[in-house]
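Enquirer: this one's sequence-less:
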């Protein structure tokens, strides 16, 4: 143990490595993921309270983690507020119920506000909220252990209860399937459409009306790139990329599906995936690249992470996107040079955007907001970088400065800094956890169960019964509002439907930000 006391670096990487192994161990349907690092750190510091990490490690990991969450969440946060307000409202009500349960039951059981706010953060698996609570309580001094104790007890409880709620939703969906449950999300396909009659449409008009991309046009036996301004005529053969149900609609409205798949002939017109690594294009809409005008090229779809997107003109590009480009064979190299097509460059951490963005966030950390009634709300190095990240992520770029990071870079920094922060939290609370469990173990468990159950019950009832969501969207809403990756992974394993992922992505950023602010307000007012 003296080695761990003498070497914080040894402690850090031991907890990260062993914690990641423990996080992968399935306990029935439950695994703890990144929280494994927290539990290993708690165990080490419980054995020897002198095991600790320097405070700078806690602050650095927390501010980078929160900023990464904000940057990744910015675009979807704005979109969720505009178009997905119903599940957002459900999540807000569920989180408020969590806070009310935490305060009511926590005070009744005699817990201090640090433990209560920590249990709220753990029951919401909101690590950023835990960091905000710690900083609000520390007020520039030493960080108290109580929030981490409440977090550590409530976290595993909420993982288990949320997975049980997911299992319930899946069971109900099988017994009483809704119309949405019986629908299938149509995949993206490439088909050849033969125009019958005169449609009075241009290529651009067809794409805009049907949310499809036409990449090739064959007329009189000659195949060329389909230009937006081209007027469509009877007998034209179009290579169309769209969702399968959209293609069915096109066939019903405009013609018939052709068995001649000219897009497979790559002798003159070719296609390939090209990585978008040129930072001058990042944060711009696809039509701003003027690929048709400059290279006689068309982008039909974009693969971002593990998801394929239809390449609509208003799609905002990100570094690391893989674009499916169709162009004359001798121009593909020019398109690749323009887009970058570099795995190495696409993996660049964008130090200008990262450094300046965090600078803005950390300057905001000095802001103190007077609250009505009493106290001040300190943004601190958790909330301020989160806010800055959301705003800058939504902007995408400001002039020559690109704020967003490639998805793989953002995910890597997010996961690593999360585990480092959890290790820092654990090493500061292990000895206190042992005493707390010995004195108030049953009450802490009861508090964690009550907070988690309040969230799960409201989400399940509102999403399934009030909004009449099918199983996939209800699972996405529940796990997105809860934030925890373990129930989400469980839900995706049982219902591998992209509507689960979409629901999760919509609610995750909104729920994270709300939990951070509510956790801090609990400390300020109670």
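Expert: Cool, got the structure. Since the model is a prediction, treat every value here as computed from it, not as a measurement.

Enquirer: Residue 314 - that's part of a strand, no?
Expert: No: counting by DSSP: H, G, I helix; E, B strand; the rest coil, residue 314 falls outside a strand, being coil.

Enquirer: and the residue nearest to it when sequence neighbours are not counted, how many neighbours?
Expert: Leaving aside its sequence neighbours, residue 314 sits nearest to residue 285 (C-beta to C-beta, 6 or more residues apart in numbering; 5.2 Å). Quick note: C-beta positions are derived from backbone N, CA and C, even for glycine. Neighbour count for residue 285, taken as other C-beta atoms under 10 Å: 14.

Enquirer: Adjust the sequence numbering to begin at 174 for everything that follows.
Expert: Sure thing, new numbering starts at 174, so read that last one as residue 458.

Enquirer: just the strands in the stretch 274-423 of the chain please.
Expert: 361-368, 386-392, 395-398, 410-416 (DSSP state E, counting those that start in this stretch).

Enquirer: Kindly apply the preceding question to the chain instead.
Expert: 361-368, 386-392, 395-398, 410-416, 428-430, 442-448, 471-477, 480-483, 495-501, 541-543, 549-551, 570-571, 574-575 (DSSP state E).

Enquirer: Identify each buried residue in the longest one, please.
Expert: Buried residues in strand 361-368, counted by 16 or more other C-beta atoms under 10 Å: 361, 363-368.

Enquirer: and the closest residue in space to residue 515 that isn't next to it in sequence, how many residues sit next to it?
Expert: Distance criterion C-beta to C-beta, 6+ apart; nearest residue to residue 515, sequence neighbours excluded, is residue 450 at 4.3 Å. By the criterion of other C-beta under 10 Å, residue 450 has 21 neighbours.

Enquirer: I'd like the distance between residue 450 and residue 585.
Expert: 17 Å (C-beta to C-beta, to the nearest Å).

Enquirer: Equivalent analysis for residue 330, please.
Expert: 29 Å.

Enquirer: quick one, which of those two is more surrounded?
Expert: Taking neighbours as other C-beta under 10 Å, residue 330 and residue 585 compare with residue 330 leading, 22 against 15.

Enquirer: give me the low-pLDDT residue ranges for this protein?
Expert: Applying pLDDT under 70 to the chain picks out residues 201-204, 249-257, 313, 358, 435-436, 547-548, 603-604.

Enquirer: Identify each of the helices in the stretch 224-373 of the chain and give its residue range.
Expert: In the stretch 224-373 of the chain, the segments counted as helices under DSSP state H, counting those that start in this stretch are 228-256, 258-281, 286-296, 300-311, 319-348, 352-355.

Enquirer: Can you say which of the ones you listed is nearest to residue 474?
Expert: Closest approach to residue 474 among these is made by helix 228-256 (18.5 Å; C-beta to C-beta).

Enquirer: now the angle from the closest one to helix 258-281?
Expert: 140 degrees (axes from the mean of the first three to the mean of the last three C-alpha atoms, to 10 degrees).

Enquirer: Could you list the buried residues of helix 228-256?
Expert: Those would be 230-251, 253, for helix 228-256 by 16+ other C-beta under 10 Å.

Enquirer: likewise stretch 405-418?
Expert: 405, 409-416.

Enquirer: okay, how far is it across it, tip to tip?
Expert: 22 Å (C-alpha to C-alpha, to the nearest Å).

Enquirer: where's that stretch relative to the chain centroid, distance-wise?
Expert: 34 Å (C-alpha atoms, centre = their mean, to the nearest Å).

Enquirer: ok so, going back, taking the strands of the chain together, which one is wrapped up most tightly?
Expert: strand 410-416 (a mean of 24; mean count of other C-beta atoms under 10 Å).

Enquirer: Contacts for it, please.
Expert: 359-368, 376, 379, 383-392, 399, 405, 420, 423, 431, 433, 435-436, 473-474, 483-484, 497, 499 (C-beta atoms under 8 Å, 6 or more residues apart in numbering).

Enquirer: tally of neighbours for residue 264?
Expert: 29.

Enquirer: That should have said residue 676, apologies.
Expert: The burial count for residue 676: 27, using other C-beta under 10 Å.

Enquirer: OK, contacts around it?
Expert: 260, 645-650, 652-653.

Enquirer: Any chance of TSV for the residues you listed, columns neighbour count and distance to residue 534?
Expert: Listed next are the contacts of residue 676 as TSV, based on neighbours: other C-beta atoms under 10 Å; distance: C-beta to C-beta, whole Å:
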residue	neighbour count	distance to residue 534
260	26	28
645	26	35
646	23	33
647	33	34
648	31	33
649	29	29
650	33	29
652	29	27
653	28	24
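
Enquirer: before we move on, the earlier item: so for residue 220, which of the strands of the chain sits nearest?
Expert: strand 549-551 (33.4 Å).

Enquirer: tell me what the closest one is packed against?
Expert: Counting contacts by 3 or more C-beta pairs under 8 Å, 6 or more residues apart in numbering; DSSP states H and E, strand 549-551 packs against helix 300-311, strand 541-543, helix 671-698.

Enquirer: Of the ones you listed, which stretch is the most buried?
Expert: Taking mean count of other C-beta under 10 Å, helix 300-311 is the most buried of the helices and strands packed on strand 549-551, at a mean of 27.

Enquirer: so what secondary structure elements neighbour it?
Expert: By 3+ C-beta pairs under 8 Å, 6+ apart, helix 300-311 packs against helix 228-256, helix 286-296, helix 319-348, strand 549-551, helix 553-568, helix 580-600, helix 671-698.

Enquirer: The shortest one pairs with which strands, parallel or anti?
Expert: In this case it means strand 549-551. strand 541-543 (antiparallel) (DSSP bridges).

Enquirer: Give me the contact list for the partner strand.
Expert: 549-552.

Enquirer: right, and residue 325 touches residue 211 too?
Expert: Yes: with contact defined as C-beta atoms under 8 Å, residue 325 reaches residue 211; the gap is 6.4 Å.

Enquirer: Identify the contacts common to the two.
Expert: Common contact partners of residue 325 and residue 211 (C-beta under 8 Å, 6+ apart): residue 599.
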